[in-house]
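1. Just need the structure, nothing else, for what follows:
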Amino acid sequence: MGEILEKDGPTGPLLGAVRTLLRPLVRGLVRRGVQLPLVVEELKALYVDAARQEAAKTGRVTQSAISVMSGVHRKDVKRLLQSASDAPRPPSAASMGSKLIGIWMGRAPFAQDDGSPLPLYEKRSDGSPSFEELVGEVSQDVRSRAVLDEWLRLNVVLRRDDGFVELNTEAFATPEAEVEALHFFGRNLRDHVSAGLHNLEGQDPRFIDRATFYWGLTDSSIEKLRLLAQELGAEAVREANKQALELATKDRERGDGQNRMTFGVYFYAEQDEPENREGKG
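-> Residues are numbered from 1 along each chain as shown. Below you'll find the predicted structure:
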């Protein structure tokens, strides 16, 4: 146990990376009133679960082995193993919403060739694509009007004067939809971290995990880069969504698909601080 506490020991660089990763997350937790004891309990449970999975690879899943691997006291290991349960499922609204938007931005007759979502009639009419048909692509048990009313309330879709409804691509994760927003926040960061660890462990094939960063920029330059990132990112996500939807549909028809994927982009800017000046990568 002493080794992992040594900042200059074998785990020092990893702990430094973890500290960098956790700093903004801890800041967000403090702002939301989440105190350390709650996080410590979650970390204990995660350490126990991760150690249990690693121990299972050798066939020695014992409380002692898990305690040694995780550093969690045996008494807590026993308690946490007894109360272990599967991770909470994503909110049904978030799950259905992501499927609907994926289709709306990825497949005819709901999207253009470039992945831009088309305005839709509310109900089936003269053969033009409708929101009712879109919902029917995902579920026959949910009334499209109920979904539409909720999305109008959350500003996810906008009702136009000509009767069409259009997707508000900038507003899917709104303050009112915080449960869904937090689900995607956790999922996206989880997969980004997982991709980085996959590469650090030397696994093949390597996953793309690239970034470019500069400092000493003016507000005007930041705004130009923000708009550029927004344009390039939206284009990349639309194209990835289009092809992923097509492949997923074919794989489901064959019934042999067992994998999942995530592709995303991000942009961030803040006031320049000397400790953030790590060069360009």
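2. Quick check: next helix or strand after the helix or strand bottoming out on mean pLDDT in the chain?
-> In the chain, no helix or strand scores lower on mean pLDDT, DSSP states H and E than helix 92-104, which sits at a mean of 77. Remark: after helix 92-104, the chain's next helix or strand is helix 131-138, criterion DSSP states H and E.
3. mean confidence for that following helix?
-> Averaged across helix 131-138, pLDDT comes to 90.
4. Helix 131-138 and the following helix or strand past that helix, what's the angle between them?
-> Following helix 131-138 in sequence order, the next helix or strand is helix 144-153 (DSSP H and E). Following axes from the mean of the first three to the mean of the last three C-alpha atoms, to 10 degrees, one obtains 110 degrees for the angle between helix 144-153 and helix 131-138.
5. Which stretches in the protein count as helices?
-> Along the chain, counting by DSSP state H, helices occupy 12-31, 36-56, 63-70, 74-82, 92-104, 131-138, 144-153, 178-200, 219-254.
6. Adding mean neighbour count and distance to residue 163, write those helices out as a markdown table.
-> C-beta here means a position set from N, CA and C on the backbone, and glycine is covered the same way. Listed next are the helices of the chain as a markdown table, based on neighbours: other C-beta atoms under 10 Å; distance: least, C-beta to C-beta, whole Å:
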| stretch | mean neighbour count | distance to residue 163 |
| --- | --- | --- |
| helix 12-31 | 12 | 41 |
| helix 36-56 | 15 | 48 |
| helix 63-70 | 18 | 59 |
| helix 74-82 | 15 | 55 |
| helix 92-104 | 18 | 18 |
| helix 131-138 | 19 | 11 |
| helix 144-153 | 16 | 13 |
| helix 178-200 | 14 | 27 |
| helix 219-254 | 13 | 26 |
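7. Residue 121: which of those is closest?
-> With respect to residue 121, and counting by C-beta to C-beta, the nearest of those is helix 131-138 at 7.0 Å.
8. Which secondary structure elements does the closest one sit against?
-> helix 92-104, helix 144-153 (3 or more C-beta pairs under 8 Å, 6 or more residues apart in numbering; DSSP states H and E).
9. So which of the ones you listed is nearest residue 234?
-> Shortest distance between residue 234 and those, using C-beta to C-beta, is found for helix 92-104: 13.0 Å.
10. Quick check: residue 157 touching residue 150?
-> No. Contact criterion C-beta atoms under 8 Å: residue 157 and residue 150 do not qualify, at 9.6 Å.
11. Provide a list of residue ranges in the stretch 1-150 of the chain with pLDDT below threshold.
-> 1-10, 85-95, 125-126 (pLDDT under 70).
12. do that again at 50, thanks
-> For the stretch 1-150 of the chain, the stretches flagged by pLDDT under 50 are 1-5, 86-87.
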